[in-house]
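[1] Take a look and give me a structure for this.
(one chain, ligands or ions: 1)
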Amino acid sequence: SDVGPQKERVVTEEEWLQKWETGNIGFHKEQRHPLLQKHLDVLLNGRSGLRIFFPLCGKAVEMKWLADMGHSVVGVEVSEQALKDFFSEHSLPYFEEPVPEISGGKMFQSTSGNISLYCCSIYDLSSSIVGKFDGVWDRGALVAVNPRDRQRYATLMTNLMEKNSSCLLVTVSYDPNKHKGPPFYVPESEVKSLFG
Ligand code: SAH
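    Okay, here's the model as predicted:
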């Protein structure tokens, strides 16, 4: 697995914000991800009323879907525009409040209370701020993290997960010499060494 060519690549927060501003968001899909539908039972494992985390959430439509099933959804995203678009595109009323533990951090919450989206960097979060989760949907998250930050990301995710929780992770496979990413190529061997 030749990951060499992407190892040093860095996409800044500013560049992500710019993608949102200019509508360069080809990663956003209007349809629910087929792999979430297919493997949902692995995530839920027969349980109801779970706390489910969406790292680097964008305006993922699956957040609405899982909330409608009765779960409580928490996401984190650097782009405020993405979060506001999420609520308005689903006609969900929300309010906004500061997050005292995070300088400049804000939380957008549906008035019904079951969707809480943090506007900050994922690296600003900890379980003392957001608690722990029963399930994680990681699509466009690990593969969007800068390669040099992967270990930090994986350690954080592990800390945010309850003992009996599951994470559904979507990666992409391609020749990293041919595209610079994101999404970055994360070989399965690396997924195993990151998450064990
Ligand atoms: N998971 C979403 C979005 C994937 S694109 C989906 O499936 O549609 C990756 C997203 O991560 C972008 O919206 C980008 O703005 C956001 N992002 C990038 N770095 C981040 C960071 N350090 N903390 C939080 N969000 C970040």
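
[2] shaky segments in this protein?
    1-3 (pLDDT under 70).

[3] which stretches of it form helices?
    Secondary structure of the chain by DSSP state H: the helices cover 13-22, 34-44, 62-68, 80-89, 127-130, 150-160, 188-195.

[4] So which bits of this structure are right by the ligand?
    16, 27-28, 56-58, 60, 76-79, 82, 121-123, 139-141, 144 (CB under 6 Å from any ligand atom). For glycine as for every other residue, the C-beta is placed from the backbone atoms N, C-alpha and C.

[5] Mind giving me the ChimeraX select for those residues, buried ones only?
    ChimeraX command restricting these to the buried ones, with burial defined by 16 or more other CB atoms under 10 Å:
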select :16,56,57,58,60,76,77,78,79,82,121,122,139,140,141,144
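
[6] Export the helices of the chain to CSV and append columns for distance to residue 99.
    Putting these into CSV (distance: least, CB to CB, whole Å) gives the following:
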stretch, distance to residue 99
helix 13-22, 17
helix 34-44, 26
helix 62-68, 18
helix 80-89, 13
helix 127-130, 7
helix 150-160, 15
helix 188-195, 27
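
[7] Stretch 56-67: how far from the chain's middle?
    Put simply, stretch 56-67 sits 9 Å off its chain's centre (CA atoms, centre = their mean, to the nearest Å).
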